Structures are given as C-alpha cells and as structure tokens.
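J.: below are the sequence and a predicted model for it; my questions follow.
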Amino acid sequence: MPTTAQAQPTFTAAKKDPKLANNWKTKSAAELTDAEVMAMPDSEYMNDKQMAFFRLKLVQLKQDIHNSAGETTEHLREDTVVVPDPADRATIEEEHALELRTRDRERKLLKKIEQSIARIDAGDYGYCDETGEPIGTGRLIARPTATLSLEAQQRRELKQKMFGD
C-alpha cells in the first residue's frame with residue numbers, strides 16, 4: 001500500500017497591489033477597502049487610519065451580531081406552535097438548538113470584539129500578545145479579533161494537539 005507524505009501548508013504573505021499603495025492617503029477610514037489597507041506600506045502599520053478602519057470593522061461586526069440576535073428571538077417566538085407529529089416537533093427543536101448554539105458562539109465573539117476595541121483604545125491592537133510582533137493586516141482583515149500572530153497561533157495549536165488543553 002503506497003503512502004503519501006502530507007506536505008505542510010506554506011503560508012505566504014499576501015501580495016500588495018502597487019496601484020493601491022497610496023490610495024489610503026486621500027480617503028477616510030470609512031471609505032477604505034480591505035485591498036487598500038493590505039496595500040499600505042509596512043512602515044504605516046497600525047497608523048491612525050488603520051486603527052479607525054479596524055474599529056469600524058469591529059463595530060459593524062458587533063452591530064450585525066446584535067441584529068441577528070434580535071432576529072433569533074423573533075424566530076423562536078414565531079415557532080413555538082404545538083406540533084402533534086413527534087418527528088416534526090423534533091426537527092423544530094433541533095433547529096432551535098442549532099440556532100441557540102450559533103448565538104452562544106456569537107455571544108463569545110462579542111466579548112472578543114469588545115476586547116479588541118479596548119485594545120484599539122489602548123494602542124495595543126495589531127500586535128501579538130506572546131511575541132509583540134505585528135499580527136499583519138491580512139490576518140486582521142480575515143479575523144479582526146486575532147490576538148496572536150500566525151506563527152504564535154500555530155505554536156499554540158501544535159501544543160494543544162500534542163498535550164491537550
């Protein structure tokens with residue numbers, strides 16, 4: 001039986017678009033796009049516009065979570081009808097349980113969002129908790145609540161895999 005070696009994924013830095021390199025200078029934080037933030041030079045890492053951009057991104061994410069929580073409440077109120085068929089009732093209850101689990105995860109994410117906004121206020125946002133190195137705009141755009149650099153996160157996950165929680 002032939003065995004295949006699994007290659008470790010290689011992570012490369014996102015390519016910066018030179019056409020967007022100076023667009024950020026003339027725009028407000030609300031007008032900036034993800035690509036323009038990514039194209040900013042490394043010397044401008046976590047400048048005032050980037051901090052404002054990520055604050056807006058976090059506030060919008062927080063607002064979206066609050067809106068979906070309100071929708072969940074309404075949805076659960078609407079679906080509280082008595083269904084005589086046990087299979088249908090079980091399906092409805094399972095859908096409710098799934099929706100509540102999703103809201104629980106969002107509740108935990110809200111805490112991380114609040115912590116990230118506090119880090120922006122303190123001026124610590126964008127830097128790894130363990131190493132103090134920049135986390136990187138690409139990672140922060142993908143996960144605005146990140147507190148570890150990619151390398152530190154990989155080390156932590158490897159330790160958890162090896163030694164458990």
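T.: Right, received. Where do you want to start?
J.: quick one: Pro134 and Ser43 touch, right?
T.: No: using Cβ atoms under 8 Å, Pro134 is not in contact with Ser43; the gap is 11.4 Å. All C-beta atoms are positioned from the backbone trio N, CA, C, and that covers glycine.
J.: neighbour count for those two, which is higher?
T.: Pro134 (15 against 6; other Cβ atoms under 10 Å).
J.: can you report phi and psi for the nearest residue to that one once chain neighbours are set aside?
T.: Residue nearest to Pro134 in three dimensions, not counting chain neighbours: Tyr45, with 5.4 Å by Cβ to Cβ, 6 or more residues apart in numbering. When quoted as degrees, to the nearest 10, the phi and psi of Tyr45 stand at phi -60, psi 130.
J.: Tyr45 touches Glu133, doesn't it?
T.: No: between Tyr45 and Glu133 there is no contact under Cβ under 8 Å: 10.6 Å.
J.: that older thread, what's the neighbour count on the residue nearest to Pro134?
T.: Neighbour number of Tyr45 under other Cβ under 10 Å is 14.
J.: so who does it touch?
T.: Gly126, Pro134, Thr137 (Cβ atoms under 8 Å, 6 or more residues apart in numbering).
J.: which residues touch the nearest residue to the first one once chain neighbours are set aside?
T.: Residue nearest to Gly126 in three dimensions, not counting chain neighbours: Met46, with 4.2 Å by Cβ to Cβ, 6+ apart. Contacts of Met46 were listed using Cβ under 8 Å, 6+ apart, and they are Tyr125, Gly126, Tyr127, Pro134.
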